[in-house]
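> when you get a sec, could you give me coordinates for this:
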Amino acid sequence: MEASSSSLSFSSPITRREIGRSPGRAIPEFVKLREGPLKSKYLPSRLCMATANGGGFRKELQNVGESDGVIIVDHGSRRRESNLMLNEFVVMFREKTKYPIVEPAHMELAEPSIKDAFDSCVQQGALRVIVSPFFLFPGRHWHQDIPSLTAEAAKQHPGVSYVITAPLGLHELLVDVVNDRITHCLSHVAGEEDECSVCAGTGKCRLYN
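Numbers count the residues shown, from 1 in each chain. As a prediction, the model looks like this:
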């Protein structure tokens, strides 16, 4: 999952705060978390890009129907195990949502590509393709690469419209996901749980002294 990259300036004042037994460590101001109720301009927003194949924009129907195909697209990795995890997620997603057409795709480095997934959706009867980026934040891949690759794939299928949804973003359910991951990993370190499928066999989920 992609995070927008940017050049950070360290010219801001640094405030020292005691961390555990290391009072000499410092935390830059831009790292500090605000306390109190969360108010973010990003939470209520709903980002998506919808287009009718052949140019122009149109209002799309809500909800996924029988003539819709869904593509879950991640970045893609040279590591085979990482790419296979997307396949497993797509199976979970399809079983839980009951959507008739769901395909995995990798933006680069691995197959199937966005074009492959788009072709597969159309072959299964999709008249509208919903591309859902499996990314955390809207960086360059969401703004440029995925729209470009999807538009190129759609050229081969006149009359088939497509939608590119927002990435995961600041969704409240992600709080539960992150907390669940932390809890499981701490339980594994304490010897109470087995390694999860992400860390299995790597030996990375351990306490470092």
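
> how about stretch 193-209: buried residues?
Neighbour-count burial for stretch 193-209 flags 195, 205 (criterion: 16 or more other Cβ atoms under 10 Å). C-betas here are computed from N, CA, C, even on glycine.

> who touches that stretch?
85, 88, 181, 184-185, 187-189 (Cβ atoms under 8 Å, 6 or more residues apart in numbering).

> tell me the secondary structure for residue 104?
strand (DSSP: H, G, I helix; E, B strand; the rest coil).

> now do the phi/psi pair for residue 128.
Here is the backbone geometry of residue 128 (degrees, to the nearest 10): phi -140, psi 130.

> and residue 132, by the same measure?
phi -110, psi 110.

> for residue 125, same thing?
phi 110, psi 10.

> what does residue 206 give?
The phi/psi pair for residue 206 (degrees, to the nearest 10) is phi -150, psi 170.

> and what of residue 176?
Backbone torsions for residue 176, taken as degrees, to the nearest 10, come to phi -70, psi -40.

> quick one: contacts for it?
Contacts of residue 176 by Cβ under 8 Å, 6+ apart: none found.

> model confidence for it, exactly?
Looking at residue 176, its pLDDT is 94.

> so that it lines up with my notes, have the first residue be 15 from now on.
Sure thing, new numbering starts at 15, so read that last one as residue 190.

> where do the helices sit along the protein?
Assigned by DSSP state H, the chain shows helices spanning 94-111, 128-137, 154, 160-168, 187-203.

> ok, which of these comes nearest residue 179?
Smallest distance to residue 179 across these (Cβ to Cβ): 10.2 Å, for helix 160-168.

> give the buried residues for that closest one.
Judged by neighbour count using 16+ other Cβ under 10 Å, the buried positions of helix 160-168 are 160-161, 163-164, 167-168.

> neighbours around residue 188, how many?
12 (other Cβ atoms under 10 Å).

> count of neighbours near residue 200?
Residue 200 has 13 nearby residues by other Cβ under 10 Å.

> quick one: it and residue 207, what's the gap?
As for residue 200, its distance to residue 207 is 9 Å (criterion: Cβ to Cβ, to the nearest Å).

> identify the contacts common to those two.
With Cβ under 8 Å, 6+ apart, residue 200 and residue 207 have no common neighbours.

> which among the contacts of stretch 207-223 gets closest to residue 154?
residue 99 (22.9 Å).

> OK, contacts around that closest one?
211-212 are the contacts of residue 99 under Cβ under 8 Å, 6+ apart.

> can you give me the domain boundaries for this protein?
62-179, 185-223 (automatic domain parsing).

> what about the first one, average pLDDT?
Domain 62-179 comes out with an average pLDDT of 88.

> how far off centre is that domain?
Distance of domain 62-179 from its chain centroid, counting by Cα atoms, centre = their mean, to the nearest Å, is 12 Å.

> now compare the contacts of stretch 207-223 and name the two farthest from each other.
Counting by Cβ to Cβ, the most remote pair of the contacts of stretch 207-223 is 102 and 203, 24.2 Å apart.

> closest to residue 189 out of the buried residues of helix 160-168?
Nearest to residue 189 among the buried residues of helix 160-168: residue 160, at 25.6 Å, using Cβ to Cβ.
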